[in-house]
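1. sharing a model prediction with you, sequence too.
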Amino acid sequence: MSNLDLRPTATVCGGRADVTARPVRELLTSKQVPLGESTVVRRLLPNLGRRMIGAWCFVDHYGPDDIADEPGMQIPPHPHMGLQTVSWLHDGEVLHRDSLGSLQTLRPGELGLMTSGRAIAHSEESPRTHAPLLHGAQLWVALPDGDRHTAPTWEHHADLPQITGGGLRATVILGDLDGATSPGTTFTPLMGADITLPAGTDTRLPVHPDYEYAALTMSGEAEVDGVRLTPGSLLYLGCGRSELPLRADVDSAFMLLGGEPFEEKIVMWWNFIGRSHADITQARKDWAADRRFGTVHGYDGPPLPAPELPPVPLKPRGRTR
């Protein structure tokens, strides 16, 4: 998914300056961002209150949207660099195309994982004949310096490990949770899981004390560590927990994101992650000149043009709050 903001600001992230070494409960509000013709997303990362959660650096939550008589998601070809995109659906379908030649329809419960590495381009759209509802999340993971120039890849995993116990059911999307490990490729210690809590659930989930965590409510009103969350809210939990109390009075679902704090300082602008203003400037020039990122074939429409760069140089300054 692209950042379609026509005037994107540079976001500086990384380092441990704002990592909370103890358990906390910081509730983050979202920013409404239009995405294409008929989709509005709730942007939760980057946030004025929090830039990253482990290596997770971008989180959009969308839907559930009634698109029965709408085109649904329509995101033209656009570039990515220095990151992984994670596509996750609760309802609907999304057709992924990329400059590697990949063509894949993603459905609920399936992982679409694109590692941009040095450069890739892709498009995302609701198929012409699609389900009436669209509901999901799009997330980015920052690549560490040693891996950010790797060759781009696309992974589709329809069979992901499940955890059950205490009434909950968890699908491990990336990384590992409570002994279950996703087949998706990771480059830093992190995890992502989709957790379902039937009404009446009251349990505790083992977690890694060295990871920082956050919970994104997808549906219902999950109660995470005593905080009741409505859909589209993000609760930052800090580090230092060995277990996470969970309960629900109504059927609920949320995504749990976590990982070791990302120590490197990065620059994130539009759909690029680099380490300097020069990295971002070169990537923008290459996209505008149709170099390096390749071509997405089959999408009905032109690629997205890059916005203008900010007038001041982009400098990494660590994970500021």
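-> Okay, I see it. Since we're looking at a predicted model, the values are computed, not measured. Numbering: from 1, shown residues only.
2. how near is P305 to I273?
-> Taking Cβ to Cβ, to the nearest Å as the measure, P305 falls 20 Å from I273. In this view, the C-beta of every residue, glycine as well, is placed from N, C-alpha and C.
3. of these two, who's got more company?
-> Summary of the neighbour comparison: P305 and I273, criterion other Cβ atoms under 10 Å, with I273 having more neighbours (28 against 11).
4. packing partners for the host helix or strand of that one?
-> Secondary structure assigned from DSSP states H and E places I273 in strand 272-274. With contacts defined as 3 or more Cβ pairs under 8 Å, 6 or more residues apart in numbering; DSSP states H and E, strand 272-274 has these neighbours: strand 266-269, helix 277-288.
5. go again using 6 Å as the cut-off
-> Using 3 or more Cβ pairs under 6 Å, 6 or more residues apart in numbering; DSSP states H and E as the contact test, the elements touching strand 272-274 are helix 277-288.
6. for the helix it packs on, which positions count as buried?
-> By neighbour count on 16 or more other Cβ atoms under 10 Å, the buried set for helix 277-288 is 277, 279-284, 286-287.
7. A214 bridge partners, please.
-> According to DSSP bridges, the residues that bridge with A214 are Y236, L257.
8. likewise P245?
-> Under the criterion used (DSSP bridges), P245 bridges to R204.
9. ok, it touching R204?
-> Yes - contact status for P245 versus R204: in contact at 5.4 Å, counting by Cβ atoms under 6 Å.
10. using the centroid of this structure, identify the residue furthest from it.
-> Summary for the chain: using Cα atoms, centre = their mean, the residue whose C-alpha lies farthest from the chain's mean C-alpha position is G200, with a distance of 29.1 Å.
11. quick check: the gap between that residue and G220.
-> Applying Cβ to Cβ, one obtains 12 Å for the distance of G200 from G220.
12. got it, and G238?
-> Separation of G238 from G220 (Cβ to Cβ) stands at 24 Å.
13. what do you get for S182?
-> S182 sits 24 Å away from G220, taking Cβ to Cβ as the criterion.
14. what's the answer for R204, then?
-> Counting by Cβ to Cβ, the gap between R204 and G220 amounts to 19 Å.
15. repeat for A21
-> Using Cβ to Cβ, we find A21 at a distance of 31 Å from G220.
16. quick check: next helix or strand after the worst-scoring helix or strand of the chain on mean pLDDT?
-> Of all the helices and strands that make up the chain, the one with the lowest confidence by mean pLDDT, DSSP states H and E is strand 11-13; it has a mean of 63. Beyond strand 11-13 in the direction of the C-terminus, DSSP H and E gives the next helix or strand as strand 23-28.
17. quick one, strands of the stretch 151-300 of the chain?
-> Counting by DSSP state E, counting those that start in this stretch, the stretch 151-300 of the chain has strands at residues 153-157, 162-165, 168-177, 180-181, 190-197, 202-206, 212-219, 223-224, 227-228, 234-238, 243-247, 252-259, 266-269, 272-274.
18. make CSV out of the ones you listed and add mean pLDDT.
-> Compiled in CSV, the strands of the stretch 151-300 of the chain are given as follows (pLDDT from 0 to 100):
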stretch, mean pLDDT
strand 153-157, 98
strand 162-165, 96
strand 168-177, 98
strand 180-181, 98
strand 190-197, 98
strand 202-206, 97
strand 212-219, 96
strand 223-224, 98
strand 227-228, 96
strand 234-238, 96
strand 243-247, 98
strand 252-259, 98
strand 266-269, 95
strand 272-274, 98
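19. low-confidence ranges in this protein?
-> 1-20, 35-39, 317-321 (pLDDT under 70).
20. which pair in the buried residues of helix 277-288 spans the largest distance?
-> With distances taken as Cβ to Cβ, the most widely separated pair in those is H277 and W287, at 15.9 Å.
21. show me the contacts for the closest residue to P303 other than its chain neighbours.
-> Spatially, and ignoring its direct neighbours in sequence, P303 is nearest to P77 (4.0 Å; Cβ to Cβ, 6 or more residues apart in numbering). Neighbour list for P77: 121, 123, 296, 299, 303 [criterion: Cβ atoms under 6 Å, 6 or more residues apart in numbering].
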